Every structure is written in C-alpha cells, then in structure tokens.
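> coords below, sequence missing:
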C-alpha cells in the first residue's frame, strides 16, 4: 500500500512538472496599435519598431502592412523590447536599442542576434545605403557596418563624436548626418563618413531631426519647422510656411514631400512654398513611403488619437490603421462580461473580443482608463459605463453605439452596487440611483481632493480606494466613509478583490495586503515592496499583476509564484471560465489557459548571469512621482547608482554597495523633487552609463 501511495504521489508530481513545462502565455492579436518609433522595408517585407518608452519589440509584415507578427528573439532585459530605430537593406535588418546594443538579422527577420556597437550609448538613428548601415547614438557619435565586409561596427569620423545623432541620409556620394542638443548639428561627408564638413543649421533651428533631397533641394526637419537649401546648406530659405511643428521624419511620395510631426502629417509639392496639414488626428514619430502609399508610425494624441501603423493611399486625406497583429498598446483596464473580454487602452480606446483575443473590435475611440487602471469599467442593468477624457460614455447595446455625456466630473472608475452606480473621480465619489442619468457627490468622511481609483464590496461593507490616501469603508451604501488604513503602509491602492472571508488589495510600492477582519486591519501578503496594479480571484486562486508580470497564489496570499513572462508589466488581470488574460504596458493583451496558469511557473528573472553590464531606461518615463530603474551586472563588484539634476548636483544616491552579478531593480521616489529633467548614472567597476529621466507632476 505504501508503494502504491508513493507511486501515485510520484505520478502526480510528474504531471505537475509536465504541466508547468507546457505552460505557455501567448500574446493575443490585439488590441491593435501602440507607439511606433520607426518603419523600414527591404522591398518585400516591412518592419515596425515599437519603442520610445518601454516598447513591445519588432514586428514583421510580409503583406505590405496588412498583417504583422512579432519578431521572435531572446529578451535579456526590458530594453530589448524598446526599439528606438530600424533600417533594412536586402535580407539584412538592424534595430537600435538603449545601451549601445543592436538586434541584427541577415535573413529578413527570421532570426536575430544581439550585437554590441562598442559604446554604452543608446542607438538613436539607423540608415541603410546600399550595402552599408549607418548608426548614430545619443552621445557617442556614429558607426558604420558594410554587409559582407565588416566584422563589426566601425566608428565614423571624430567630427561627430559625442553628438546625439538623429538621422543619416545619402544623396549620391554625399552622406549627411544630423543631431540635436548641441552645436554644430548638421554635417556632410563625401567619403562615407571618414571625414565631415560642418553645415550651418538654419537660423532659429538648432536641432535637426530629419532630412532629404527632393527635386534637387535639400530639406531639413527641425525643432522649428522645415527649411530648404538650393546649395547643400550653404544658404537656407526662410522657414517654409504652413508648418510650425517639429519635423520629425520626412519622405517623398508621388511628387509630394510628407513630413511627420508631433501634431500630425503635412504635405507639399516638391519645390513648393507652403505645407498643408493633411491630418491632425494623431501625432507621428516616423513616416515612410511605398508603392502602396504613405505609412506613418503614430504615437497617438492622448487620450483619443490612434496609435500604431497607419496608411494613406489618397495623399493623406484618409488614413486606415494597419495594426492587425501589431499589439503594442498599453492596456489600462479590463473586464469580463459573459464570453466577452473588454480592454481599454491608453490612447486607442475601448476594444472587445469574443474569441479569446484572436480578433478585437474597436468599440469607442475616446475611452481611457486614466489612472484607475484595472477598475475603470462597469455594467449596471445592461448599461455599459466607461470613462473618457471629457466625461463618460455609455452603451445599452453591448458597445455597438455609444452616448457621450458630461456628469459634471471626470470619472476614473465605475462600479455597480445594488441599485446604484458609483463613479470615482479626481475629487471623490459620486452616486447615481437612476442608472447614470443624474449624479450626487457622496464624500462625507473622505479626505479633501480624494482622487478615487476604484471600489470593492465585501459582505455589507462598501470600500473605496484612493490614489494616495489609502482605503475607506462605508456601512451605509456610500453615504458616509471611514478610514480603514490600519497596517496598510502603502497609501496607493490600485485594485481590490475578495477570497472567502478575506479581502486583498494591490498597492503601488507595497505589494499585496490582506485583511481577515473586513478591513479593520491589514497585513502584508506577498510581493512585498513591489508595484502591484491589479488583483483578482477565481475559485481558490489569487492572481496579481505587477511590474514583473502575473503571479498566482494557492494559499491565500502566503506564497506567490510568477506564472507569466517577467517582461509583461501587467496593469490588469481578469479571469474567464477557461483563460487568464493580462493587459500590459506597451504589450497588448496576453492569454494563458486557466489550468496552465495555476500549474505553470515561469522562469524567474535573474536566474542566469547577464552576459554584459547594462543600464535600462526607467519606466514609466515621464514618471510621477515614482519610477523603476533596472540594470544588469555581469560580475560581482562595487556599484553606485545616483540621481543628478540638470546642474550636475547629486540629489539622491540609490545604490552604494558591493553587489553580485544578476539583474537588479531599484525604485526611485521623486515625491520631494520638483518637475523637470534628471539623470541617473550607474557605475559598476569600469562600466559607466547614464540616462535621462523626466519627472512630470
């Protein structure tokens, strides 16, 4: 009998191990969009780079942008998903990363290899001319690599060393290079970058972002519009009228010059004297022409502009998204209603799926999760409530049609509670007893300017959790509120769930907390010190979304196992009868079978010694007031991580100790600092790297 019991136990252990090995999170096909930093083509395939903040990596299209598929490559750190630029020539493709790294492919994106460019500066510009690639960095100058000739990347001439390069452009035998944040900012080279001649930038335009030679004229896109020259920059015309935007990127299509700016797209006939704005619905980071038309990479116009790849085949009059499979959106809130999963994105609106994420339908362009994250949406008596930047919008037909309205406040979260609908906003709580027709403020007992993140209920008690003032409870259906923060060290509560007689909340900076006495007292319950954005329960299992993905607990929060890839910074987690869905930062929506999520445990970040020292870009960026900084150490040694202001003064030392090899995470709280630009500097032995961060309050 003992042998039989042992065999059964051994078999069960094997099943668990096998199931864990088979556990696989997959990215769904949406919601489509996301910030696109660059677009490139080799004539057969198109490549879209997602970056500028965190990013979702590289996407490849084999049908001229109709459908996209995420490139498959090893992700060693989150910076490997933050693609700053991309270029292609033949079967060779290069993508620029922070920290001096490139992802390179010689088979049209089928396989990728990490390549170190030779300096730890961010790779901010890539350009292909014939068989030669040119790369520019944010402070280390330029480099070149020739297909089949060079074994590595070679430094370009010293004239552009230490410059923040933004673009290269070849016109015949002349190579141009541009830069920002310095003087000079424009050069030409007659010998592929061996020697450089300074070109005086147009008056009033010290920063040059893009350039092109069209119809015999040299054009430059600057921080102050577009200028042209008939003699290669010896003299410049006055700024071309019709555009005061930043000229981020430009291209030529069907005899017209198109320029991408922060506020839209502009066009002008070659040799013309004035631009016309052809789109103001979205901001752009890149523009690219093909035989089909003009493609733009959109960063969106928060909170209503579309993001991702957009195509115009009629000169910019109309634009169609080309985002199928391109899932780099930031998902802020999710909700399940029957077999339908809803997701709100930061800039693209509200989407739904009825087939587990295979297809997504855009329901409303103006829905935004604001700061409510996982708690923005609600359904009451068949009526759908969702927040917008100007008020709220409602639907009574499942999201097919929407009616916007202004309730007198800007909602962040909705909650259905008995016969009432509760709305959390920037100044407290409002309650409707007529299904959203009218609203009454109900803030008795709440602190002044109560920025409300969401609601929860346990038994007869109603809870409201605030952005920076903890959690409050009401025993009279929201008429009055009482503080319920005993033992809750983090005041930023993000999400709420219950499990039997227990209440769990996810907090920013404090991890998970649990209460066994209806909120009277709280105790830390795992993921301590982490940024947790969402928590939910299903059966006897808890699911928590954090900066390191999705974790599960089977023992009421006593222990947690990470189940999703750590790269998915998870803002929202929801569970259906069969699947677990995770909405991520610049990552769209991911899915795993509920059984696999319960049994499977993902590889833990930091389980392998990094191959090189690296400092990653902080996230979020801009931040308010806290940010996370990650770095990798290839060997044990003394480490310092310091924050400096623009005057070079050390305002904070985050790390000053000997650390072992591995991937490290540090949280920086800038609550007592003023808004502005700061720099963080990592020194580990002889390795030194510095990056810029923006505090925006």
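Now that the structure is in, tell me what you want to look at. Keep in mind that this is a model prediction, so the values were computed, not measured.
> any weak-confidence spans in this protein?
Counting by pLDDT under 70, the chain has low-confidence residues at 1-23, 150, 300-305, 365-375, 528-529, 599-609.
> what about the residue nearest the centre of it, which helix or strand?
The centroid of the chain falls nearest to residue 586 when counting by CA atoms, centre = their mean (3.3 Å). Residue 586 belongs to no helix or strand when assigned by DSSP states H and E.
> Could you pull up the residues touching it?
Contacts for residue 586 were tallied using CB atoms under 8 Å, 6 or more residues apart in numbering; they are 34, 35, 50, 53, 54, 55, 56, 81, 328, 329, 330, 569. Using the backbone N, CA and C atoms, a C-beta is placed for each residue, glycine as well.
> Serialize these to TSV and add fields for distance to residue 491 and secondary structure.
TSV is the format used below for these (distance: CB to CB, whole Å; DSSP: H, G, I helix; E, B strand; the rest coil):
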residue	distance to residue 491	secondary structure
34	31	strand
35	31	coil
50	33	strand
53	26	coil
54	25	coil
55	31	coil
56	31	coil
81	31	helix
328	32	strand
329	29	coil
330	24	coil
569	21	coil
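> Tell me the most packed of these, by neighbour count.
residue 329 (34 neighbours; other CB atoms under 10 Å).
> quick one: it from residue 634, how far?
Between residue 329 and residue 634 the computed distance is 34 Å (CB to CB, to the nearest Å).
> likewise residue 141?
From residue 141 to residue 634 the distance is 24 Å (CB to CB).
> Compare the two (neighbour count), which wins?
Using other CB under 10 Å as the criterion, residue 141 and residue 634 rank with residue 141 on top: 22 against 16.
> Thought residue 522 was touching residue 515, still the case?
Yes: using CB atoms under 8 Å, residue 515 is in contact with residue 522, at 5.1 Å.
> pretty sure residue 517 is in a strand, no?
No: assessed by DSSP: H, G, I helix; E, B strand; the rest coil, residue 517 does not belong to a strand; its assignment is coil.
> burial of it, as a residue count?
Neighbour tally, residue 517, other CB under 10 Å: 11.
> Same question for residue 682.
Neighbours of residue 682 under the rule other CB under 10 Å: 26.
> Checking it next. Helix, strand or coil?
From three-state DSSP, the assignment for residue 682 is strand.
> Just give the nearest non-adjacent residue to it, would you?
Nearest residue to residue 682, sequence neighbours excluded (CB to CB, 6 or more residues apart in numbering): residue 615, at 4.4 Å.
> ditto for residue 551
Nearest non-adjacent residue to residue 551, counting by CB to CB, 6+ apart: residue 560, 4.3 Å away.
> Could you pull up the residues touching the one you found?
By CB under 8 Å, 6+ apart, the residues touching residue 560 are 512, 526, 527, 544, 551, 552, 553.
> If any of these are buried, give me the PyMOL selection for them.
Buried members of these, defined by 16 or more other CB atoms under 10 Å, are picked up in PyMOL with:
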select buried, resi 512+526+527+544+551+552+553
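> thinking again about what came up before, phi, psi for the residue nearest to the centre of the chain please.
Reported as degrees, to the nearest 10, the phi and psi values for residue 586 are phi 50, psi 30.
> how much space is there between it and residue 78?
Distance from residue 586 to residue 78, by CB to CB: 10 Å.
> Mind listing the shared neighbours of the two?
Residues touching both residue 586 and residue 78 (CB under 8 Å, 6+ apart): 54, 569.
> Tell me, how many residues neighbour residue 361?
14.
> Just list whatever residues bridge to it.
Residue 361 forms beta bridges with residue 352, as assigned by DSSP bridges.
> Kindly report the same for residue 225.
Beta-bridge pairing of residue 225 under DSSP bridges involves residue 222.
> Contacts only, for it.
By CB under 8 Å, 6+ apart, the contact set of residue 225 is 205, 239, 240, 243, 244, 245, 247.
> Just among the residues you listed, which is most surrounded?
Counting by other CB under 10 Å, top hit in those: residue 247 with 28 neighbours.
> Tell me the secondary structure of that residue, please.
Residue 247 is classified as coil under three-state DSSP.
> Enumerate every residue touching it.
Contacts of residue 247 by CB under 8 Å, 6+ apart are 209, 210, 220, 221, 222, 225, 226, 259, 260, 261.
> same check, this time on residue 323
Residue 323 sits next to 30, 32, 33, 34, 68, 308, 309 when contact means CB under 8 Å, 6+ apart.
> What is the nearest of the residues you listed to residue 384?
residue 30 (19.1 Å; CB to CB).
> Strands of the stretch 551-697 of the chain, start to end?
561-562, 570-575, 579-584, 589-593, 614-615, 626-633, 637-644, 650-659, 662-669, 676-684, 687-695 (DSSP state E, counting those that start in this stretch).
> got CSV for these, with distance to residue 463 too?
Below are the strands of the stretch 551-697 of the chain laid out as CSV (distance: least, CB to CB, whole Å):
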stretch, distance to residue 463
strand 561-562, 27
strand 570-575, 19
strand 579-584, 23
strand 589-593, 27
strand 614-615, 40
strand 626-633, 24
strand 637-644, 36
strand 650-659, 34
strand 662-669, 26
strand 676-684, 36
strand 687-695, 31
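> Relative to residue 460, which of those strands is closest?
Nearest of the strands of the stretch 551-697 of the chain to residue 460, taken as CB to CB: strand 570-575 at 25.2 Å.
> who does the closest one touch, helix- and strand-wise?
Judged by 3 or more CB pairs under 8 Å, 6 or more residues apart in numbering; DSSP states H and E, the packing partners of strand 570-575 are strand 331-337, strand 532-538, strand 541-546, strand 549-553, strand 579-584.
> if we can go back for a sec, residue 138 versus the residue nearest to residue 682, what's the distance?
Note on residue 615: its distance to residue 138, by CB to CB, is 13 Å.
> got the residue ranges for the helices in this protein?
2-22, 594-599 (DSSP state H).
> which residues does residue 584 bridge with?
Here residue 584, judged by DSSP bridges, has bridge partners residue 570.
> now the strands for the stretch 101-250 of the chain?
101-105, 113-116, 123-129, 132-137, 142-146, 154-155, 164-171, 174-180, 186-189, 197-198, 208-214, 217-222, 225-229, 249-253.
> Output these in CSV; the columns should cover distance to residue 491.
Converted to CSV, the strands of the stretch 101-250 of the chain look like this (distance: least, CB to CB, whole Å):
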stretch, distance to residue 491
strand 101-105, 38
strand 113-116, 41
strand 123-129, 38
strand 132-137, 41
strand 142-146, 47
strand 154-155, 50
strand 164-171, 39
strand 174-180, 39
strand 186-189, 50
strand 197-198, 54
strand 208-214, 41
strand 217-222, 45
strand 225-229, 46
strand 249-253, 43
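> Identify whichever of those lies nearest to residue 356.
Among the strands of the stretch 101-250 of the chain, the nearest to residue 356 by CB to CB is strand 101-105 (30.1 Å).
> Show me what the closest one pairs with in its sheet, parallel or antiparallel.
In the sheet, strand 101-105 lines up against strand 92-96 (antiparallel), strand 113-116 (antiparallel) (DSSP bridges).
> which one of these lies closest to residue 654?
So among the strands paired with strand 101-105, strand 113-116 is nearest, using CB to CB, at 25.5 Å.
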